[in-house]
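Trainee: Give me a 3D structure for the following:
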Amino acid sequence: MMAGHKRAGRLLLGLVVWMGLGVPTCRRWLEADMALHMLVQLPLLAWVGWQLGQALPSKVSRCLAPWNFQGISGLLLASLMMTVWMLPVALDAAINQPLGILAKFLGVPLLLGLPCALSWPQAGFIVRGVFLVELIATLFRTGWLYLAAPVRLCTSYLLDAQQITGQGLLAGASLILVLLVLRLIVGPLRTPTGSGTRAGLVRREP
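Mentor: Predicted structure coming up:
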């Protein structure tokens, strides 16, 4: 019963944030600045998808297991979607074209956040590590590109906004890297009990 209430709460919270991000005033405010667009709006949309995935019954993951062995397929899909939304052309389309706006508000939650939520518990230590390394590398590459480009890459934003976004991406990648290293020092990435796979190493009991 408690688990059902928790899932319902996650679903409600995700839907509220999803609808809030779609309110024209909020959307225009976030999309007016490139840093807010890429570093706030897109992660929040991915977080919405994560909440929706957490709200789904566990039987959904079991049904998808034959096509999502150890979470590889879902995390690969999420990585591809993340790469797409790092591209300048995708950001421009998500502001100026109705189909681009629709693709962002549906694609990021449902094809990035949701697959991560369903796949992460199934992923082992190595799969999680590869995904996180790719995430960090993508943030570093894109941040360096936005920071070093002598001309603006997004027609919707000025060069200084592009450089600030690049700095934010590099800072975010550095933060994730530091947290990952600390996590590896404190203890390995673990798969929750009952997920059907092991994450790799197991803590030693004192």
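Trainee: need the helices for the protein, in chain order.
Mentor: Taking DSSP state H as the criterion, the chain carries its helices at 2-22, 24-31, 34-36, 42-55, 58-64, 72-84, 88-96, 98-108, 114-119, 125-148, 159-186.
Trainee: what's the least confident stretch among the ones you listed?
Mentor: Mean pLDDT across these is lowest at helix 58-64; the value there is a mean of 79.
Trainee: Output the helices of the chain in a markdown table, with mean neighbour count appended to each entry.
Mentor: (Each C-beta comes from the backbone N, C-alpha and C, glycine too.) Output for those, formatted as a markdown table (neighbours: other CB atoms under 10 Å):
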| stretch | mean neighbour count |
| --- | --- |
| helix 2-22 | 14 |
| helix 24-31 | 13 |
| helix 34-36 | 20 |
| helix 42-55 | 21 |
| helix 58-64 | 13 |
| helix 72-84 | 19 |
| helix 88-96 | 18 |
| helix 98-108 | 16 |
| helix 114-119 | 25 |
| helix 125-148 | 17 |
| helix 159-186 | 15 |
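Trainee: now Leu45, nearest residue through space, not along the chain?
Mentor: Using CB to CB, 6 or more residues apart in numbering and skipping the chain neighbours, the partner closest in space to Leu45 is Val108 (4.0 Å).
Trainee: Now Ser79. Nearest residue, chain neighbours left out?
Mentor: Glu134 (5.5 Å).
Trainee: What of Ile101?
Mentor: Going by CB to CB, 6+ apart, Ile101 has Ala94 as its nearest residue, at 5.8 Å.
Trainee: dump the residue contacts of the residue most central in space within the chain.
Mentor: Nearest to the geometric centre of the chain sits Ala46, at 4.7 Å (CA atoms, centre = their mean). Going by CB atoms under 8 Å, 6 or more residues apart in numbering, Ala46 touches 108-109, 112-113, 116.
Trainee: how about a cut-off of 7 Å?
Mentor: 108-109, 112-113 (CB atoms under 7 Å, 6 or more residues apart in numbering).
Trainee: number of nearby residues for the closest residue to it other than its chain neighbours?
Mentor: Spatially, and ignoring its direct neighbours in sequence, Ala46 is nearest to Gly113 (4.0 Å; CB to CB, 6+ apart). Residues lying near Gly113 (other CB atoms under 10 Å) number 25.
Trainee: Wait, the residue nearest to Ile101 touches Leu106, no?
Mentor: No: judged on CB atoms under 7 Å, Ala94 makes no contact with Leu106 at a distance of 11.4 Å.
Trainee: Next, count neighbours for Pro57.
Mentor: Other residues close to Pro57 by other CB under 10 Å number 11.
Trainee: Am I right that the residue nearest to Ala46 is in contact with Trp50?
Mentor: Yes: the criterion here is CB under 7 Å, and Gly113 meets it with Trp50 at 4.4 Å.
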